[in-house]
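Participant: model this:
(one chain, ligands or ions: 2)
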Amino acid sequence: MELAVIRRQLHRIAEVSGAEYQTAAFVADFLRPLQPAVLLTGLGGTGVCATFDSGEQGPHLLFRAELDALPIQEINSFSYTSLSPGVSHKCGHDGHTTILLGLALSLSGKPIRRGRVSLLFQPAEETGEGAAAVLADPAFEAIQPDRVYALHNVPGYPLGELLIRTGSITAAVKSMVIAFSGKTAHAAEPEHGKNPAGVLARILLALDELSQPDTDRSDFQLITPVHAVLGEKAYGVSAGHASLHLTLRAWTNEQMELVVAALEKRISEICGESDIGYAVSWTNVFEANTNDTELAKELALLAAAAGTPVTMLSQPFKWGEDFGYFTQRYRGLFLGLGSGESCPALHNPDYDFPDALLDKGVGLFRLLVEATLA
Ligand SMILES: [Zn+2]
Ligand SMILES: [Zn+2]
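Facilitator: Ligands and ions are numbered 1, 2, ... in the order given. All right, here's what the predicted structure looks like:
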């Protein structure tokens, strides 16, 4: 079967994070006849992992793709539009999954001579939960790869161009929810209550001082207000509670720790001065993807020698990608693969993964396999 046909089948059955049941079943059914040495299902939820084993000593490489789609209504009119209302593959994970299935076909047709290759189909990337769930799954402990690899298609760059970087390649991103608790009072007598409005305003104004938005600097850090609520639409009541949702990003995990500490200190000071209680919780946590310098340089040379155009990125991508949990734990690389200058941006309702990239993705991964395990 042509890879484009597989990709379009996956595109039709798009499922949101954590509910990739049909997609995972499709992947497992595809892999089973290829007879991997191990086929794990239900990993970290709906994850699937197939291990191809040469039976000989050698490194264990892991390649990862994502199974999930997004809660976005597709506006394209091609023949293979998503059958799930309000849900579609607008990050190209259908393409990434197909690339890994293509690699499985290649490994089955031309087996490795030494070592092992694991192909991990991970759930729930978009919510930042899937990678952590897979790593926490006791079944994953048997895998323990020596090197880990993943790629993401990147619109705006020439089709098939390899985008690579040493150190951070995607930002550390996480979101903070602050729940403020004061005390309601009659709106005519706010002095008898504790209205968190002032605290909310002061914190919002403080965000600019705590941000360093110059992306050319290594201490880039950005705090973006995303949602806020104060009291109720009860016009006789002075508000007694509020909540504020912020998304933070920084180029490295270390820089993220610094901005978090500074922000928490400021919140504590402001709330303390006004005697407003608060509780902080975190959601959508993405660690920065940190590329191994040696592996990045090796691959850049290898790809160039194979005729693939290579761009060394001067700064990381500003988006978060939860493969960072893997690159924090294992030596590895997160790679960008250009999906064309005219390709609509990721998460846009008209985006679609370009099928012309499928063979290029399989070729790139096969190159890594050949260089290490052939
Ligand atoms: Zn995405
Ligand atoms: Zn994605």
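Participant: give me the nearest residue to His192, chain neighbours excluded.
Facilitator: Nearest residue to His192, sequence neighbours excluded (Cβ to Cβ, 6 or more residues apart in numbering): Ala185, at 4.3 Å. Heads up, the C-betas are built off the backbone N, CA and C, glycines and all.
Participant: do Gly193 as well
Facilitator: The shortest distance from Gly193 to any non-neighbouring residue, by Cβ to Cβ, 6+ apart, is to Ala185 (2.7 Å).
Participant: again with Val260
Facilitator: Per Cβ to Cβ, 6+ apart, closest to Val260 is Leu248, 6.8 Å.
Participant: ok, that neighbour - contacts?
Facilitator: Residues counted as contacts of Leu248 (Cβ atoms under 8 Å, 6 or more residues apart in numbering) are 173-176, 221-224, 256, 259-260, 263.
Participant: which of those sits closest to Arg202?
Facilitator: Distance to Arg202 across the contacts of Leu248 (Cβ to Cβ) is lowest for Leu263, with 12.8 Å.
Participant: and this protein, what are its domain boundaries?
Facilitator: 3-169+288-373, 172-286 (automatic domain parsing).
Participant: picking that back up, which one of the contacts of Leu248 sits closest to Glu141?
Facilitator: Nearest to Glu141 out of the contacts of Leu248 is Lys174 (Cβ to Cβ; 26.0 Å).
Participant: output the contacting helices and strands for the helix or strand that that closest one is a member of.
Facilitator: Element membership for Lys174, per DSSP states H and E: strand 172-181. With contacts taken as 3 or more Cβ pairs under 8 Å, 6 or more residues apart in numbering; DSSP states H and E, strand 172-181 sits against helix 197-210, strand 241-250, helix 253-274, strand 277-286.
Participant: out of those, deepest packed?
Facilitator: Among the helices and strands packed on strand 172-181, ranked by average contacts under mean count of other Cβ atoms under 10 Å, first place goes to strand 241-250 (a mean of 21).
Participant: paired strands for that one, with orientation please.
Facilitator: strand 172-181 (antiparallel), strand 221-230 (antiparallel) (DSSP bridges).
Participant: the ones you listed into TSV, with extra columns for mean neighbour count, distance to Ser84 and mean pLDDT?
Facilitator: Listed next are the strands paired with strand 241-250 as TSV, based on neighbours: other Cβ atoms under 10 Å; distance: least, Cβ to Cβ, whole Å; pLDDT from 0 to 100:
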stretch	mean neighbour count	distance to Ser84	mean pLDDT
strand 172-181	20	26	97
strand 221-230	16	26	97
